[in-house]
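Participant: I would like the atomic coordinates for the input below:
(chains A and B)
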Amino acid sequence: QKEVEQNSGPLSVPEGAIASLNCTYSDRGSQSFFWYRQYSGKSPELIMSIYSNGDKEDGRFTAQLNKASQYVSLLIRDSQPSDSATYLCAVTQGNTNAGKSTFGDGTTLTVKP
Amino acid sequence: DAGVIQSPRHEVTEMGQEVTLRCKPISGHDYLFWYRQTMMRGLELLIYFNNNVPIDDSGMPEDRFSAKMPNASFSTLKIQPSEPRDSAVYFCASSSHGKLFFGSGTQLSVL
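Facilitator: Numbering: from 1, shown residues only, chains lettered A, B, ... in the order given. Sure, this is the predicted structure:
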């Protein structure tokens, strides 16, 4: 079992729809959870972080965390073609300010106009 | 701040040659990470440093790989000798409060 697993995708949604990206992790001691967006040929960039159970909203993005189920998700509302990218889930063990992040393999999202 | 700076952006070399990748982290970040990304294996952590000290190098694939961080503003990843299977994009990232900031990466091709 991989430490961090994501839907392999690809995921295709029409413009304006909600895109739902899912991630599960195996280490119950994980404390910090991140979503990175990576455009083709570019480096990953952080778009969301979440540390406690529940929802965290930032503009069109909502991250959801359920530690009991070891599950993290990212919702993108009103999806735009510019959201087309690979989304990487990352989980950090240990102290919030330290430690290494383990990445999932990513889910490729395509938003069709 | 200019962000994490990596060089070179592209490196093409022949099997057996030495390759050195360079990274300048964001000033004030006390963690530095080296990742490798391939289609087959995704984003893999190779090694990371805290305050210039290597903390975990368990991801370094073989003795052919070595990394140093002589000061807070510079790190190198060296591959000697290089092999075709080392071809990948190598990312350096520095961290603030667990949030990673990636450099543009080095696209390495070993022929």
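
Participant: partner strands of the helix or strand of chain A with the lowest mean pLDDT, with direction?
Facilitator: Here the helix or strand of chain A ranked lowest by mean pLDDT, DSSP states H and E is strand A:101-103, holding a mean of 89. Strand A:101-103 has the following sheet partners, assigned by DSSP bridges: strand A:85-93 (antiparallel).

Participant: pull the CA atoms of the partner strand into PDB?
Facilitator: Provided in PDB are the C-alpha atoms of strand A:85-93 (Å, rounded to 0.1, in the frame of the first residue of the first chain):
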ATOM      1  CA  ALA A  85      -3.400  20.600 -14.300                       C
ATOM      2  CA  THR A  86      -2.200  17.800 -12.200                       C
ATOM      3  CA  TYR A  87      -3.100  18.000  -8.500                       C
ATOM      4  CA  LEU A  88      -0.800  16.500  -6.000                       C
ATOM      5  CA  CYS A  89      -1.800  15.600  -2.500                       C
ATOM      6  CA  ALA A  90       1.000  15.800   0.100                       C
ATOM      7  CA  VAL A  91       1.000  14.500   3.700                       C
ATOM      8  CA  THR A  92       3.600  15.500   6.400                       C
ATOM      9  CA  GLN A  93       4.300  13.400   9.400                       C
END
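
Participant: ok, and what's touching it?
Facilitator: A:3-4, A:6, A:21, A:23, A:25, A:27, A:29-40, A:44, A:72, A:74, A:99-104, A:106-109, B:43, B:98, B:100 (C-beta atoms under 8 Å, 6 or more residues apart in numbering or on different chains). (C-beta placed from N, C-alpha, C; glycine too.)
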